[in-house]
Every structure is written in C-alpha cells, then in structure tokens.
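In: make a model of this:
(one chain, ligands or ions: 1)
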Amino acid sequence: MKTAHAASFDEWRSAARGMLAQGIAPHDIRWGGQPVDDLFGAADADGEEAAAGSASATEASGAPVPRRLLSMLETAACYRDPDRWAFLYKVLWRWHAGDHVVVSPADEDGARLHAMVKTVQREIHKMNAFLRFRERPTDRGAPRFVAWFEPQHDVLEPVARHFTRRMGKASWLIATPQGTAMWDGCSLRNGPPAMSGSLDADMDIADDGESLWLAYYRSTFNPARLNTGAMEMHMPVRYWKNLPEGKLIPGLISQAGAGAQRIAQTAAVGERGGKKVRIDAVRAQPERQQPTSLDQCRRCDLWRNATQAIPGAGPVDARIVLVGEQPGDQEDIAGVPFVGPAGKLLDSAFAQAGLDRQSTYLTNAVKHFKWEPRGKRRLHKTPAQLEVDACSYWLDHELAEVGPAVVVALGSTALKAVLKDRKATLTGRLGQAIAHDGKWIVRTWHPSYVLRVPGEEAKTAAFAELVDALRLARRLAEEAPHE
Ligand code: URA
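Out: Here you go, the predicted structure:
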C-alpha cells in the first residue's frame, strides 16, 4: 500500500502522474492531505514510499489527459470530501486504461464526477454573487477591501482568480475559515485561515458605501411582492449571516408578514375605482367613540374642506324645526344656518306666512358645507347619502333635544333625513303633513330651488307653496298639544 499526499489540485496532479507512471492501481494508494513538502515523503505502513511526480513520470504516463477532463477534475477537486483525491485518481486511472466511459454521466463514477462539478460550479457562482467587500482606510499597507465568506466547498482559489480580473488594481483580502486570498493589485497570495468576526476588529472597517447599499436595499424591498420561497432559492439562508443586507432580511420579511404587505395591497386596491357598497353609517362604526361636539365630528370626510361645522340655531323649545340640506358658502363662514340668499328668501316666506323666524329652530341635514371649486367660487355640491346618513347622528340629537311638534323638511335631502327613508320624494304630497315618530312632517321646496327654478311663473308658484307649507306648519304647531 502506497501513501500519497495532496492538499491542492496541483499537488494531487503531480502525485497522480507519478502513480500512473508506476502503474499503481487506485486500491493500492492511501491518500492524505499533508502539506506539499511532505508529498510522497512519508513512508507507508509497508515501509514503501511513493515516487514524486516528475517530468519523466508524466511522460511515462502515456496518452495526455484531454483538456475537458482535466478541467472537470480540477473543478471536482474543490468538492469538500475526504475521499476526493482517491476518487479523482480512480477516474484518471480508468481513463488512462482506455475506459473512457468513466466521464459519462451514465457511468457510476462519471455520474459522481458530474455531480461534484455541478455542485462546485454552483458554489463558485454563489460566492462570486454573495461576496461583499467592505472598504477600509488604506493605511498600514493593508488591503483596501476585505470580505468574509464561508464557502461549503474549497472554491476560494477560483473565486479569487475571478476577483483579480474584476477588481483591477485595487487591493483586497478574501478570508474564509479554510484560508485567505490576498491581492495587492499585481499578485495573488494565499494565507492561513481567518476567524469569523476577526475582520471587523482588526481592519477598522467603517464603510459608507455599505450603509448606502443597506439604505438602497431597504428602499427597494417591496413587501407586496415578497416571495420568500423564490428569495431563498436565489439567496439561500446560509449566506444571509455574512451579507450586510442579510441582517435586514428577517426584519423586512416579518414586517411584511405583519402588515406591510396588506397595507401596500390596500393602497393598490384603494386606487381602483371599484363599486361603493352602501353601509349604514352608524352600523359601520359600532365601536368608534362618538364625537362629543360637532366641531370634533369626523363621521364623514366633509369636515376636511369646510371652515366649520354649522349647528342648528333657535330656541331649544321651538315648536317648529325647519331642516335644510347643508350650509352654503356664507353660512360656512358665518357659522349660522340660513344667512345667505336662501336664508333671505326664507325670511320673506316667514313674513308672508306670519311666522316669526326667531321662534323656530333652523338646522340642516348635513352640518358641513360640501363644495367644489369653480374659478374663485365655491360651488354647492349635493351631499352623498353616506354623508347624510353619517350626519343623521347630529340631526337626531337636535330633534330629540328640541322635541318639536312640526318639522318642515326643506327639499328632498332634508325629507329623506327626517323620515330616514332614502326613497322619499317631495312630489305627490307636497304641502301635506304626515305624522311621523310623534310629530308632523311637512314637506316643501327648498328656498334655493325657489331661487333657481327657471321662469317667473314657476318661481312665484314655488314660493307660494313654500309659504303655504310654513302656514300649515304654524297651524299644526298651534293645534298640537303641548307636552
Ligand atoms: N341652504 C341650506 O340648506 N341650509 C343653509 O343653511 C343655507 C342654505
């Protein structure tokens, strides 16, 4: 039994040539990993020494090994396996004996060789991709860039060769637990293994580029598109601990799981038009604390563009409550209902109906002014049913507090709010009173409609109907028993 030693591909190659030249079969060799100086130097158990590889031995080995097989053997030599040198010699031996099927994937040894090559190539690729150099001050003649990596196979050498081409004249050091490679801009040197974590302490690393990279990585991480399976396939978890961005990844993933993804999707969904689903405003917010004052009301979004909320005005024991639609431009500024053009017309109607405005309580179905810009003007915009529903909270409180005998609904928005009937219309029973919830409801035109309706005749008729409604309200209020 011969003993041969190899700690690198070159050492193995040299030893293998010698063995082949002597015709020593694979099962007659015991391979070890001593340093190159000891190669073939140690006596084996039988006291025999293997011959050192030499030019003459090479010549004696016969047919040259094809370049492709040599390249496969060199790559497979990086595969970390205690048996690798013996296996590579077996392949070489069979080839040399004319058994060329040994390089076929269909052959048992060939299949193993191909698998080793593939695994090593993948590891080289990963190390090239995931090695992160960190810049350090260029003092003390030490390398400018340093990197730590824990490869699963002995791929430092091919990776180092790759970076000599990539990094040009810049000096660098790649450290692994198995050894280091150092490039001074001209030549590559191998060194002893390094300890994990020793780089930061020894090398005084403070890398601005790295913090920039981390900020970039964080900002491009899209939680909505996170696919951990695909991510771990491209960047297996075992590499994370030595990647600067690797320390960010678990946090980013857990944040995504904890809601960032949902938030991102919500925003995207929110941008889609979609179909609005009507939900009763009160039932939609069962747990929400109700505002304690109208000023704080956020039950719908109208507060955002209004100057202020406009509460009802008048005696709290009024027998008649008039309900309009919503404050207008002037009411929004004054803070009082019906002070603009519609209010002026209402004043005339009050006068004609013989009703004192001061004795009535005037309010609106919606308390904030809803408008849209038109040049420099703020144009009234009809409130949505959702906004009317949200504001019924305040109207209900007002009606409950005042407890009127008669409510005059000015226009259809007010009528719907008072009757809580989204389908209620003015037409048909205009001017007639209906009993509702212990009080009379009188429906009539909104004063703005009277102002707007085209044609003098129609305007006069509408105004007369408004006056009639107020007269009716007055009579009903007078007739209704006082509580
Ligand atoms: N129109 C209304 O409905 N209410 C007002 O307060 C003013 C105009």
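In: just the closest residue of the stretch 351-483 of the chain to the ligand, please.
Out: Nearest residue of the stretch 351-483 of the chain to the ligand: Asn364, at 4.8 Å (Cβ to the nearest ligand atom). The C-beta positions use only the backbone N, C-alpha and C, and glycine is treated the same way.
In: for the stretch 201-350 of the chain, give me the ranges with low pLDDT.
Out: 201-209, 212, 224, 257-291 (pLDDT under 70).
In: quick one: the helices in it?
Out: Using DSSP state H, counting those that start in this stretch, the helices assigned to the stretch 201-350 of the chain run over residues 208-220, 228-234, 237-240, 249-255, 261-271, 281-284, 329-334, 341-353.
In: do the stretch 351-483 of the chain as well
Out: With DSSP H, counting those that start in this stretch, the ranges of helices along the stretch 351-483 of the chain come out as 385-402, 412-419, 447-452, 456-479.
In: doesn't Pro337 make contact with the residue of the stretch 351-483 of the chain closest to the ligand?
Out: Yes. Applying Cβ atoms under 8 Å, one finds Asn364 in contact with Pro337, separated by 5.7 Å.
In: find residues that contact each of the two.
Out: Common neighbours of Asn364 and Pro337 are listed as 310, 312, 324, 327 (criterion: Cβ atoms under 8 Å, 6 or more residues apart in numbering).
In: and the closest residue to Val316 other than its chain neighbours, what does it touch?
Out: Nearest residue to Val316, sequence neighbours excluded (Cβ to Cβ, 6 or more residues apart in numbering): Val402, at 5.6 Å. Going by Cβ under 8 Å, 6+ apart, Val402 touches 312, 314-318, 321, 361.
In: got it, and His27?
Out: Neighbour list for His27: empty [criterion: Cβ under 8 Å, 6+ apart].
In: that's a helix at it, yeah?
Out: Yes. Assigned with DSSP: H, G, I helix; E, B strand; the rest coil, His27 falls within a helix.
In: pLDDT at it, what is it?
Out: At His27, the pLDDT value in this model is 93.
In: and Asp10, by the same measure?
Out: Note on Asp10: pLDDT of 92.
In: and the one helix or strand it maps to, what does it pack against?
Out: Per DSSP states H and E, Asp10 falls inside helix 9-22. For helix 9-22, the elements it packs on are strand 2-5, helix 55-60, helix 67-76, helix 84-96, judged by 3 or more Cβ pairs under 8 Å, 6 or more residues apart in numbering; DSSP states H and E.
In: run the last query once more with 6 Å
Out: helix 55-60, helix 84-96 (3 or more Cβ pairs under 6 Å, 6 or more residues apart in numbering; DSSP states H and E).
In: least confident of those, on average?
Out: Per-stretch averages of pLDDT across the helices and strands packed on helix 9-22 put helix 55-60 at the bottom, with a mean of 37.
In: ok so Met182 is a helix residue?
Out: No. According to three-state DSSP, Met182 belongs to no helix; its state is strand.
In: what about Ala414, how many neighbours?
Out: Around Ala414 there are 29 other residues, counting by other Cβ atoms under 10 Å.
In: can you tell me how far it sits from His380?
Out: For Ala414, the distance to His380 (Cβ to Cβ, to the nearest Å) stands at 14 Å.
In: do the same with Ala76
Out: In terms of Cβ to Cβ, Ala76 sits 83 Å off from His380.
In: repeat for Tyr361
Out: 22 Å.
In: ok, Met182 next?
Out: 79 Å.
In: how about the residue in the chain that the ligand sits nearest to, what does it touch?
Out: Ranked by Cβ to the nearest ligand atom, the top residue of the chain for proximity to the ligand is Gly324, at 2.7 Å. Neighbouring residues of Gly324 by Cβ atoms under 6 Å, 6 or more residues apart in numbering: 364, 410.
In: show me what it is bridged to.
Out: Beta-bridge partners recorded for Gly324 (DSSP bridges): Asn364.
In: going forward, the N-terminal residue is numbered 56.
Out: That works, and once the first residue is 56, the last one we named lands at Gly379.
In: so how far is Asp523 from it?
Out: As judged by Cβ to Cβ, Gly379 and Asp523 stand 18 Å apart.
In: ok, Ala61 next?
Out: 114 Å.
In: between those two, tell me which one has more neighbours.
Out: Shown here are Ala61 and Asp523; by other Cβ under 10 Å, Ala61 has more neighbours (24 against 17).
In: contacting residues for the more buried one?
Out: Counted by Cβ under 6 Å, 6+ apart, Ala61 has contacts 67, 70, 140.
In: which non-adjacent residue is nearest the first one?
Out: Pointing back at Trp67 there. For Trp67, ignoring the flanking residues on the chain, the nearest one in space by Cβ to Cβ, 6+ apart is Ala61 at 3.6 Å.
In: got a pLDDT number for the one you found?
Out: 88.
In: just Pro192 next, same as before
Out: 69.
In: just say which of the helices of the stretch 406-538 of the chain is most tucked in.
Out: helix 467-474 (a mean of 22; mean count of other Cβ atoms under 10 Å).
In: for Ala404, see how far away the residue of the chain closest to the ligand is.
Out: 13 Å.
In: what of Glu190?
Out: Taken as Cβ to Cβ, the span from Glu190 to Ala404 is 83 Å.
In: okay, these two: which has more neighbours?
Out: The neighbour comparison of Glu190 against Ala404 (other Cβ under 10 Å) goes to Ala404, with 24 against 16.
In: wait, the more buried one touches Val522, no?
Out: Yes. With contacts counted by Cβ atoms under 6 Å, Ala404 reaches Val522, the gap being 5.0 Å.
In: ok, for the residue most central in space within the chain, nearest residue in space, not its chain neighbours?
Out: Central residue of the chain (Cα atoms, centre = their mean): Pro278, 2.9 Å from the mean position. Closest residue to Pro278 apart from its sequence neighbours, by Cβ to Cβ, 6+ apart: Ala311 at 3.4 Å.
In: ok, Trp86 next?
Out: Spatially, and ignoring its direct neighbours in sequence, Trp86 is nearest to Trp140 (4.0 Å; Cβ to Cβ, 6+ apart).
In: count the residues that sit near the one you found.
Out: 23.
In: tell me the contacts of it?
Out: So Trp140 contacts 61, 67, 86 (Cβ under 6 Å, 6+ apart).
In: and the second one, how far from Trp426?
Out: Counting by Cβ to Cβ, the gap from Trp67 to Trp426 is 86 Å.
In: out of the two, which sits in the busier spot?
Out: The neighbour comparison of Trp67 against Trp426 (other Cβ under 10 Å) goes to Trp67, with 26 against 19.
In: from Thr235, how far off is that one?
Out: With the distance defined as Cβ to Cβ, Trp67 ends up 22 Å from Thr235.
In: cool, and Arg221?
Out: 18 Å.
In: and these two? Which one has more around it.
Out: Shown here are Arg221 and Thr235; by other Cβ under 10 Å, Thr235 has more neighbours (20 against 11).
In: tell me what the more buried one is bridged to.
Out: Ala230, Gly246.
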